[in-house]
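**Q** This is a predicted model, with the sequence first.
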Amino acid sequence: MAAETIWWVEFIGYLASIIVAISITINGGIYFRFINFIGAACFLVYAALKGTIPIVLINVYSMGINLFYFVKLTRARIQVPKNTSNEEASSEG
(Lines give C-alpha, C1' and ligand atoms only; values in the text may rest on other atoms or scores of the structure.)
Protein backbone atom coordinates (compact mmCIF):
# COMPACT_ATOMS: atom_id res chain seq x y z
CA MET A 1 0.00 0.00 0.00
CA ALA A 2 1.36 3.41 -0.91
CA ALA A 3 2.35 5.73 1.92
CA GLU A 4 -0.11 8.43 0.86
CA THR A 5 -3.10 6.08 1.14
CA ILE A 6 -2.24 4.66 4.58
CA TRP A 7 -3.74 7.62 6.47
CA TRP A 8 -7.32 6.66 5.61
CA VAL A 9 -6.74 3.04 6.62
CA GLU A 10 -5.45 4.21 9.99
CA PHE A 11 -8.41 6.59 10.23
CA ILE A 12 -10.79 3.62 9.88
CA GLY A 13 -8.94 1.87 12.70
CA TYR A 14 -9.17 4.89 15.00
CA LEU A 15 -12.83 5.38 14.10
CA ALA A 16 -13.54 1.74 14.94
CA SER A 17 -11.79 2.13 18.29
CA ILE A 18 -13.84 5.20 19.15
CA ILE A 19 -17.11 3.51 18.18
CA VAL A 20 -16.35 0.40 20.24
CA ALA A 21 -15.30 2.59 23.19
CA ILE A 22 -18.61 4.44 22.96
CA SER A 23 -20.54 1.17 22.75
CA ILE A 24 -19.07 -0.21 25.97
CA THR A 25 -20.25 2.86 27.86
CA ILE A 26 -23.84 2.05 26.90
CA ASN A 27 -25.78 -0.01 29.44
CA GLY A 28 -26.47 -3.10 27.31
CA GLY A 29 -29.58 -3.64 25.23
CA ILE A 30 -30.38 -2.90 21.64
CA TYR A 31 -28.32 0.31 21.39
CA PHE A 32 -25.20 -1.44 22.71
CA ARG A 33 -25.58 -4.25 20.17
CA PHE A 34 -26.17 -1.82 17.29
CA ILE A 35 -23.25 0.50 18.08
CA ASN A 36 -20.94 -2.44 18.83
CA PHE A 37 -21.93 -4.04 15.50
CA ILE A 38 -20.98 -0.85 13.66
CA GLY A 39 -17.62 -0.74 15.50
CA ALA A 40 -16.92 -4.37 14.64
CA ALA A 41 -17.79 -3.69 11.00
CA CYS A 42 -15.29 -0.81 10.94
CA PHE A 43 -12.66 -3.06 12.52
CA LEU A 44 -13.47 -5.71 9.93
CA VAL A 45 -12.78 -3.26 7.10
CA TYR A 46 -9.60 -2.03 8.82
CA ALA A 47 -8.31 -5.56 9.41
CA ALA A 48 -9.12 -6.64 5.85
CA LEU A 49 -7.21 -3.67 4.46
CA LYS A 50 -4.26 -4.47 6.72
CA GLY A 51 -4.46 -8.18 5.87
CA THR A 52 -4.74 -9.34 9.50
CA ILE A 53 -6.89 -12.45 9.20
CA PRO A 54 -7.22 -13.17 12.98
CA ILE A 55 -8.69 -9.69 13.50
CA VAL A 56 -11.05 -10.23 10.57
CA LEU A 57 -12.24 -13.53 12.06
CA ILE A 58 -12.89 -12.22 15.58
CA ASN A 59 -14.83 -9.26 14.21
CA VAL A 60 -16.94 -11.48 11.94
CA TYR A 61 -17.72 -13.55 15.04
CA SER A 62 -18.48 -10.41 17.07
CA MET A 63 -20.77 -9.08 14.36
CA GLY A 64 -22.64 -12.39 14.27
CA ILE A 65 -23.16 -12.40 18.05
CA ASN A 66 -24.27 -8.76 18.03
CA LEU A 67 -26.66 -9.37 15.16
CA PHE A 68 -28.16 -12.44 16.88
CA TYR A 69 -28.86 -10.56 20.13
CA PHE A 70 -29.98 -7.40 18.28
CA VAL A 71 -32.64 -9.41 16.43
CA LYS A 72 -33.62 -11.26 19.62
CA LEU A 73 -33.98 -8.02 21.61
CA THR A 74 -35.83 -6.28 18.77
CA ARG A 75 -38.33 -9.14 18.47
CA ALA A 76 -38.89 -9.15 22.23
CA ARG A 77 -39.48 -5.40 22.20
CA ILE A 78 -42.13 -5.45 19.45
CA GLN A 79 -43.90 -8.57 20.69
CA VAL A 80 -47.34 -7.71 22.09
CA PRO A 81 -48.05 -9.27 25.50
CA LYS A 82 -50.89 -11.82 25.44
CA ASN A 83 -52.70 -10.27 28.44
CA THR A 84 -53.10 -6.89 26.73
CA SER A 85 -55.50 -8.17 24.05
CA ASN A 86 -57.65 -10.01 26.66
CA GLU A 87 -57.94 -6.93 28.87
CA GLU A 88 -59.01 -4.76 25.92
CA ALA A 89 -61.68 -7.29 24.88
CA SER A 90 -63.12 -7.53 28.41
CA SER A 91 -63.24 -3.75 28.88
CA GLU A 92 -65.21 -3.28 25.65
CA GLY A 93 -68.05 -5.67 26.61
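**A** Ah, there it is. Numbering: from 1, shown residues only.
**Q** mind checking how far the residue sitting nearest the centre point of the chain is from Val60?
**A** Centre of the chain computed as the mean C-alpha position; nearest residue by C-alpha atoms, centre = their mean is Phe37, 2.0 Å away. For Phe37, the distance to Val60 under the criterion C-beta to C-beta, to the nearest Å works out to 11 Å. Every C-beta, even on glycine, is put in place using the N, C-alpha and C of the backbone.
**Q** And Ala16, by the same measure?
**A** From Ala16 over to Val60 (counting by C-beta to C-beta), the distance is 14 Å.
**Q** between these two, who's got more neighbours?
**A** Each of Ala16 and Val60 had its neighbours counted (other C-beta atoms under 10 Å), and the higher figure belongs to Ala16 (21 against 13).
**Q** With adjacent residues omitted, what lies nearest to that one?
**A** What sits nearest to Ala16 in space, not counting adjacent residues and going by C-beta to C-beta, 6 or more residues apart in numbering, is Cys42, at 3.5 Å.
**Q** For burial, what's the neighbour tally of that neighbour?
**A** Burial measure for Cys42: 20 neighbouring residues, criterion other C-beta under 10 Å.
**Q** same deal with Thr25?
**A** Thr25: 8 neighbours (other C-beta under 10 Å).
**Q** got the contact list for it?
**A** The neighbours of Thr25, taking C-beta atoms under 8 Å, 6 or more residues apart in numbering as the test, come to nothing; the list is empty.
**Q** Look at it and give its secondary structure.
**A** The local conformation at Thr25, judged by DSSP: H, G, I helix; E, B strand; the rest coil, is coil.
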